[in-house]
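A.B. asks: Give the three-dimensional model of this entry:
(one chain, ligands or ions: 2)
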Amino acid sequence: ADEILKVRDLKTRFFTEEGQVNAVEGVSFDVRDGEIYGIVGESGSGKSVTALSLIDLVESPGRVTSGEVWYRNTELAEEFRDENPEAVDGEFVDVRRLPKGVRRSLRGPSFSMIFQDPMSSFNPSLTVGEQIAEAVEVQRRARANPRRTRSRTQGYGLGKMLVDSLVPSKSYVQDASMDRAVELLEQVGIPDPVDRADEYPHQFSGGMLQRAMIAQALAGEPDVLVADEPTTALDVTIQAQILNLLRDLQRDEGMSVVMITHDLGVIARMCDRVGVMYAGEIVERGTLEDVFENPVHPYTQGLLGSIPDLADPAPRLQPIEGNVPSLIDSEMGDRCYFADRCPKAMEDCLQRIPEFDAEKAGASDDEHRVRCVLAERQYDESQALHDGHF
Ligand code: SF4
Ligand code: MG
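C.D. replies: Ligands and ions are numbered 1, 2, ... in the order given. Next up is the predicted model:
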């Protein structure tokens, strides 16, 4: 399958009183058409900030400071090829190099997002149907005129995406948009969608509200849906229903999903490929089988426990002794960030930041890759063997 998104060396910093915090420290990965790409890590590993960075939602004092987010979109590539050639590579545009208004107009029809807590994602004083209709409306308008759009759901979860988007007052929300909202509610499995559309968020259960948030996220028919811990706040049976729903939608709509979670069970059940995050970096990535059945990075091995088992329906993160390192720039240093907790740490690990093992050979994104001194050495040895130096 083709890539829809190619993320390259993305860095996001928070400029705080304690100093510069390197929340995302050079993250790269590809997302393909119609796949579910998993990003897994402990809390504080930078996975949520990575998600927000992808769709330009990082708030002050945070800022994406460098890197590229290449998004396949032939229309935009055509539009900017002459005007801004740096922002275009074949069918791809670098979202970060597009004008702000254009970038924002991508939220909804190109990228959408769902969050952990559906309750804080809706405005309590508007009906669920109105808010979904508004998302439909805003996105229709944003398409027509990317530069002026504002929404009343602004500040509420998904509404954050619609900052600077035009606010349709109630009379603005056209019947057609309300009809579409009801359709979306039906699509996400909400019974009696016509009646439920007229209810307020507090009248919905957590699971139903999570479905409604997904409906809202689908309003713009996104190419990429970013799901940040979408089931963490729900009880186990509801979790399974929501995951099934997401997978069905992903299949039916052909969209790509980036699934952010600390739950290895969610990854095992949903994802095609996965990146493991630690201290703002992806330390291991590959197919689900590569990473779960043959983990190479000591951190991944630790997470999965000594006997990783894909058949285990609910593998859990194993606690690893020691603390996540400080992400304050001045305290990080050029060393493996996992060294303090790593059972295999050596002198070399404290001398520099390890590279991905096969990166230098220009390996394809299909390959299992590990950012660790041990894996680098193994790789060098196997190359030397291959080149006949032994
Ligand atoms: Fe452990 Fe060294 Fe690999 Fe870091 S580079 S994970 S400290 S072996
Ligand atoms: Mg998080």
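A.B. asks: who does the strand or helix carrying K11 pair up with?
C.D. replies: K11 is part of strand 3-16 when elements are defined by DSSP states H and E. Strands that pair with strand 3-16, judged by DSSP bridges, come out as strand 19-32 (antiparallel), strand 62-72 (antiparallel).
A.B. asks: what's in contact with that strand?
C.D. replies: 20-33, 46, 49-50, 53-54, 58, 61-72, 92, 223-224, 256, 258, 329, 365 (Cβ atoms under 8 Å, 6 or more residues apart in numbering). Heads up, the C-betas are built off the backbone N, CA and C, glycines and all.
A.B. asks: could you flag which of those are buried?
C.D. replies: 20-32, 46, 49-50, 53-54, 58, 62, 64, 67-72, 92, 223-224, 256, 258 (16 or more other Cβ atoms under 10 Å).
A.B. asks: and the residues you listed near ligand 1, which?
C.D. replies: With Cβ under 6 Å from any ligand atom as the criterion, the subset of the buried ones among the contacts of strand 3-16 in contact with ligand 1 is empty.
A.B. asks: Show me which residues of the stretch 201-350 of the chain sit near ligand 1.
C.D. replies: H297, P298, C336, F338, A339, C342, K344, A345, M346, C349.
A.B. asks: Give me the buried subset of those residues.
C.D. replies: Buried among those by 16+ other Cβ under 10 Å: H297, P298, C336, F338, A339, C342, A345, C349.
A.B. asks: Do a quick rundown of the strands in the stretch 51-200 of the chain.
C.D. replies: 62-72, 88-89, 92-94, 111-114 (DSSP state E, counting those that start in this stretch).
A.B. asks: now swap in the stretch 251-390 of the chain and tell me
C.D. replies: Under DSSP E, counting those that start in this stretch, the stretch 251-390 of the chain gives strands at 256-261, 273-278, 281-287, 369-370.
A.B. asks: And ligand 1, is the shortest one touching that?
C.D. replies: So the one you mean is strand 369-370. No: using Cβ under 6 Å from any ligand atom, strand 369-370 never reaches ligand 1; the gap is at least 8.2 Å.
A.B. asks: what ranges do the helices span in the stretch 101-250 of the chain?
C.D. replies: 128-144, 175-187, 193-196, 206-218, 236-253 (DSSP state H, counting those that start in this stretch).
A.B. asks: Contact partners for the spatially closest residue to D198 that is not a sequence neighbour?
C.D. replies: Distances taken as Cβ to Cβ, 6 or more residues apart in numbering put T127 closest to D198, at 5.4 Å, once the chain neighbours are dropped. By Cβ under 8 Å, 6+ apart, the residues touching T127 are A197, D198, E199, Y200.
A.B. asks: Model confidence score at T127, please.
C.D. replies: Note on T127: pLDDT of 94.
A.B. asks: Let me have the strands paired with strand 3-16 in JSON lines, extended by mean pLDDT.
C.D. replies: Output for these, formatted as JSON lines (pLDDT from 0 to 100):
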{"stretch": "strand 19-32", "mean pLDDT": "94"}
{"stretch": "strand 62-72", "mean pLDDT": "96"}
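A.B. asks: Could you dump those strands into JSON lines with distance to Y278 added?
C.D. replies: Below are the strands paired with strand 3-16 laid out as JSON lines (distance: least, Cβ to Cβ, whole Å):
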{"stretch": "strand 19-32", "distance to Y278": "10"}
{"stretch": "strand 62-72", "distance to Y278": "18"}
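A.B. asks: re the thing from before, just put the buried ones among the residues of the stretch 201-350 of the chain next to ligand 1 in JSON lines and tack on distance to A212.
C.D. replies: Formatted as JSON lines, those follow (distance: Cβ to Cβ, whole Å):
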{"residue": "H297", "distance to A212": "38"}
{"residue": "P298", "distance to A212": "42"}
{"residue": "C336", "distance to A212": "43"}
{"residue": "F338", "distance to A212": "40"}
{"residue": "A339", "distance to A212": "45"}
{"residue": "C342", "distance to A212": "43"}
{"residue": "A345", "distance to A212": "47"}
{"residue": "C349", "distance to A212": "47"}
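A.B. asks: about what we covered before: identify whichever of the strands of the stretch 51-200 of the chain lies nearest to G302.
C.D. replies: Closest approach to G302 among the strands of the stretch 51-200 of the chain (Cβ to Cβ): strand 62-72, 27.6 Å.
A.B. asks: contact partners of that closest one?
C.D. replies: 2-15, 23-24, 26-27, 49, 53-54, 56, 58, 89, 91-97, 106, 110-111, 223-224.
A.B. asks: Let me see the contact set for the closest residue to V276 other than its chain neighbours.
C.D. replies: Closest residue in space to V276, ignoring its immediate chain neighbours: E284 at 4.6 Å, by Cβ to Cβ, 6+ apart. E284 makes contacts with G275, V276, V291, P295, V296, H297, Y299, T300, H368, R369, V370, R371, as judged by Cβ under 8 Å, 6+ apart.
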